[in-house]
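> return atomic coordinates for the entry below.
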Amino acid sequence: MLFHVTVDHTAENCPIVTDSPDKRITREGAANAGVKLVSALGGRPQHRTVYVVETDDIDKLYDFLSPALSWAKCEIMPVRELDF
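As a prediction, the model looks like this:
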């Protein structure tokens, strides 16, 4: 199943600004959680990151997002590919 995930945070909590690599959501973190990272896009000035991930286990998705769950807002939406 595909999920569109938007992660928003403040500039004060930004792991790049605060130099906090342990708070970053990464490709390696996806692999460790057992989630396939389809796409990752960032709007750095907005402090927003958008992910498309594939998993059949919501707990794996939560594991992937765990570095950010205590300091960022995460919106999760199930999606599917459109057939044009």
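
> how about the helices in the chain?
Taking DSSP state H as the test, the helices found in the chain are 27-33, 58-65.

> what's the distance between Gly29 and Thr10?
Here Gly29 is placed at a distance of 21 Å from Thr10 (C-beta to C-beta, to the nearest Å). For every residue, glycine as well, the C-beta is placed using N, CA and C.

> mind listing what Thr18 touches?
Shown in contact with Thr18 (C-beta atoms under 8 Å, 6 or more residues apart in numbering): Glu12.

> what ranges do the strands span in the protein?
With DSSP state E as the criterion, the chain has strands at 2-8, 36-43, 48-54, 73-79.

> and the ones you listed as a markdown table, adding mean pLDDT, distance to Phe64 and mean neighbour count?
Converted to a markdown table, those look like this (pLDDT from 0 to 100; distance: least, C-beta to C-beta, whole Å; neighbours: other C-beta atoms under 10 Å):
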| stretch | mean pLDDT | distance to Phe64 | mean neighbour count |
| --- | --- | --- | --- |
| strand 2-8 | 97 | 8 | 17 |
| strand 36-43 | 96 | 8 | 13 |
| strand 48-54 | 97 | 7 | 18 |
| strand 73-79 | 97 | 10 | 12 |
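
> any chance of those strands in a markdown table, with distance to Pro21 too?
Shown next, in a markdown table, are these (distance: least, C-beta to C-beta, whole Å):
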| stretch | distance to Pro21 |
| --- | --- |
| strand 2-8 | 16 |
| strand 36-43 | 15 |
| strand 48-54 | 15 |
| strand 73-79 | 19 |
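
> for Asp63, find the nearest of the ones you listed.
Asp63 lies closest to strand 48-54 among the strands of the chain, at 11.2 Å (C-beta to C-beta).
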